[in-house]
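Novice: Requesting a structural model of the entry that follows:
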Amino acid sequence: MSEAWNIRFGTAGTSDSFAAQGYKSSLDVPEYTAKMGLNAFEYQCGRGVRLGLDKAARMAALAAQRDILFSVHAPYYISMSSLEEDKRLNSIQYLLQSAAVCRALGGKRIIFHSGSCGKQSREAALEKALDTMRRAVAALDEAVKFAESSGTFKEIGKRGGEAPDAWARAEAKAAEIMKSKNVTKAQAIDEVLLNDPALRAECEKEG
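Specialist: Here you go, the predicted model:
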């Protein structure tokens, strides 16, 4: 099979089995993944990019020993088609942060949800999303040049700790939505943040 069709299988984040097996650190993810016979892992940054680049590089080294490839899920509050320009511009920054971590992890893919239409037509939302995406691509291209020459992103993602209060409330609301609708967790969180601008602002502030 050619490299172009080298299909990989893995999980998006960890389950309760991670702690049940005695694992505690992100550095344990490669071993945890390999024990399941998997060769890919989607690192979750849905609540903000908090993984330090040094730690990400250590994870990449451990993963490479086991032929495991990382990808990164960018923050849930990305909104490429928001009616508010500052939110669209912030979305570009969240993608830049996610890209920096993905690069450090040795990954090649970033997963993100572009957001919903909100109170505008699909055509208007698509136009805004495409414009934001073009800006994001240009920013990413420029960021790669800086990263290769000056280590611009060394301070990105240094925060750690438990899930913030705002995110705990958002996830609780998302859980209720998932009970009543046939949607994924990501879709439920998208709905929560869309319908509760104040909570969304808190989540963005906490990162």
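
Novice: Neighbours of the nearest residue to S114 once chain neighbours are set aside, how many?
Specialist: Spatially, and ignoring its direct neighbours in sequence, S114 is nearest to M80 (4.3 Å; CB to CB, 6 or more residues apart in numbering). All C-beta spots, glycine's among them, are computed from the backbone N, C-alpha and C. Counted with other CB atoms under 10 Å, the neighbours of M80 add up to 23.

Novice: Am I right that M80 sits in a helix?
Specialist: No: in this structure, M80 is coil, not part of a helix, as judged by DSSP: H, G, I helix; E, B strand; the rest coil.

Novice: For Q21, see how far away it is.
Specialist: Plainly put, M80 is 38 Å away from Q21 if you go by CB to CB, to the nearest Å.

Novice: before we move on, what about L199?
Specialist: Taking CB to CB as the measure, L199 falls 34 Å from Q21.

Novice: So these two - more neighbours on which side?
Specialist: Between L199 and Q21, L199 has the larger neighbour count (other CB under 10 Å), namely 17 against 12.

Novice: could you pull out the helices for the protein?
Specialist: The residue ranges that make up the helices of the chain, judged by DSSP state H, are 16-20, 29-35, 53-64, 85-104, 122-150, 165-180, 185-195, 197-206.
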